[in-house]
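1. take this sequence and fold it.
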Amino acid sequence: MPKQNQLDAIRTDFIEKSGLISQAEGLPRIAGRVFGMLIFDGELVSFGDLANRLQVSRASISTSIRLLEERGLVKRKTKPGQRGDFFQLAQNPYATMLEGVHKRTLSTLDDIKQTIAALPADAEATARLTAYADFYASLESAVTVARDELQSKKSNTAQSPTIPKD
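-> Now for the predicted structure:
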């Protein structure tokens, strides 16, 4: 298989996998495909080109872009002298994703703790709810570590020179 055909196949596979990942996380599959394409291609893409390249309706692209923008993963841009909107990957989409997970984890932990606090002292469910809260407390700690690690890698990448590949 020629190199370009192999790259196209890998790209297509990645975009489809991104759609499945997003779908598993509760987003529309097309939103994940848009996100995957923007990650893989790394370029500014027009609304119409997104629909054409992904072979989906403009309405599906519109819905997906709105969701991705709301989550801070995609940025809308304009080009001087050109009509229409263009889209690209946001500056720090992965840190933004981790922030979202962190906020949801803290909110869930708080909800569980409120339930525990409302229980009578001798409630049978206390131990199970406490174990559930402990799970979310551990998850919150892990997400904090991941966020800090990602920030550290970003700082190290910004400080180190790029090494050309052979």
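
2. so where's this structure shaky on pLDDT?
-> Residue ranges of the chain with pLDDT under 70: 1, 157-166.

3. strands along the chain, start to end?
-> 45-46, 74-77, 86-89 (DSSP state E).

4. and residue 28, which of the ones you listed is closest to it?
-> strand 74-77 (13.7 Å; C-beta to C-beta). Every C-beta, even on glycine, is put in place using the N, C-alpha and C of the backbone.

5. any chance of the strands of the chain in CSV, with mean neighbour count and distance to residue 116 too?
-> CSV is the format used below for those (neighbours: other C-beta atoms under 10 Å; distance: least, C-beta to C-beta, whole Å):
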stretch, mean neighbour count, distance to residue 116
strand 45-46, 20, 48
strand 74-77, 16, 38
strand 86-89, 19, 40
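
6. ok, residue 139 - how many residues close by?
-> 17 (other C-beta atoms under 10 Å).

7. give me the nearest residue to it, chain neighbours excluded.
-> Leaving aside its chain neighbours, residue 139 sits nearest to residue 105 (5.2 Å; criterion: C-beta to C-beta, 6 or more residues apart in numbering).

8. what is the burial count for the one you found?
-> Considering only other C-beta under 10 Å, residue 105 is surrounded by 20 other residues.

9. next, format the strands of the chain as CSV and append distance to residue 12.
-> Output for the strands of the chain, formatted as CSV (distance: least, C-beta to C-beta, whole Å):
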stretch, distance to residue 12
strand 45-46, 16
strand 74-77, 20
strand 86-89, 18
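
10. before we move on, back to that, surely the residue nearest to residue 139 is in contact with residue 140?
-> Yes - assessed by C-beta atoms under 8 Å, residue 105 is found in contact with residue 140 at 4.8 Å.
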